[in-house]
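J.: Curious how this folds, go ahead:
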Amino acid sequence: MNNKKRILFLCTTNSCRSQIAEGIVTYFYGDLFHVESAGSKITAVNPLAIKVMAEIGVDISKQRSKLVTEFAGQEFDYVITLCGGDSKTTCPVFLGKAKQELHWDFIDPAEAKGSEKEILDVFRKVRDEIKSKISQFVEQLN
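T.: The predicted structure is shown next:
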């Protein structure tokens, strides 16, 4: 782990976007990065996030929601906020050391309305957007 870059993903409730990002990096890029996620409020990992991640072979069911204060004072290479839409104003602030802070704007799929299929489609869209953004991020580092 000592030679791995450290990433902290942040969003408001640490239930969807940051959990999805943590799962994607752990599964696809775990040899390059040590990854954590947190939020300004503690909740639980959203069952629909777990479901859409399982669709791509990534199990995030054992991940847990964490408060950003759990990582206060720690150092990360990248702190990446994933808040978008109305939640930008409530996105958590990291009080540790970050070599680079980034903001990626993603809507919160937990706020999606409609039928179960329509809501799942929003979760899938956000999952795919996050996966694509992470892939681009990793390519830029190499």
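J.: and the longest helix anywhere in the chain, what other elements does it pack with?
T.: Longest helix in the chain by number of residues, with DSSP state H as the criterion: helix 116-141. Helix 116-141 sits against helix 17-29, helix 47-54, with contacts defined as 3 or more C-beta pairs under 8 Å, 6 or more residues apart in numbering; DSSP states H and E. Glycine gets a C-beta too; all of them are placed from N, C-alpha and C.
J.: Report the buried residues of that helix.
T.: Judged by neighbour count using 16 or more other C-beta atoms under 10 Å, the buried positions of helix 116-141 are 119-120, 122-124, 126-127, 129-131, 133-134, 137.
J.: and which of these is nearest to residue 12?
T.: Closest approach to residue 12 among those (C-beta to C-beta): residue 126, at 13.8 Å.
J.: Which pLDDT value belongs to the residue in the chain sticking out farthest from the centre?
T.: The centre of the chain is farthest from one residue, residue 115, which by C-alpha atoms, centre = their mean lies 24.5 Å away. Note for residue 115: predicted pLDDT of 96.
J.: so what strands line up beside the helix or strand bottoming out on mean pLDDT in the chain?
T.: In the chain, no helix or strand scores lower on mean pLDDT, DSSP states H and E than strand 97-103, which sits at a mean of 87. The strands beside strand 97-103 in its sheet (DSSP bridges) come out as strand 75-81 (parallel).
J.: so the strand it pairs with versus helix 17-29, what angle?
T.: Going by axes from the mean of the first three to the mean of the last three C-alpha atoms, to 10 degrees, strand 75-81 is angled at 120 degrees with respect to helix 17-29.
J.: Send over strand 75-81 as CSV, restricted to the C-alpha atoms.
T.: Extracted as CSV, the C-alpha positions of strand 75-81 are listed here (Å, rounded to 0.1, in the frame of the first residue of the first chain):
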residue,chain,number,x,y,z
GLU,A,75,-3.0,12.9,3.9
PHE,A,76,-4.4,12.0,0.5
ASP,A,77,-2.9,12.4,-3.0
TYR,A,78,-6.4,13.3,-4.3
VAL,A,79,-9.5,14.4,-2.6
ILE,A,80,-12.4,14.3,-5.1
THR,A,81,-15.8,15.8,-4.4
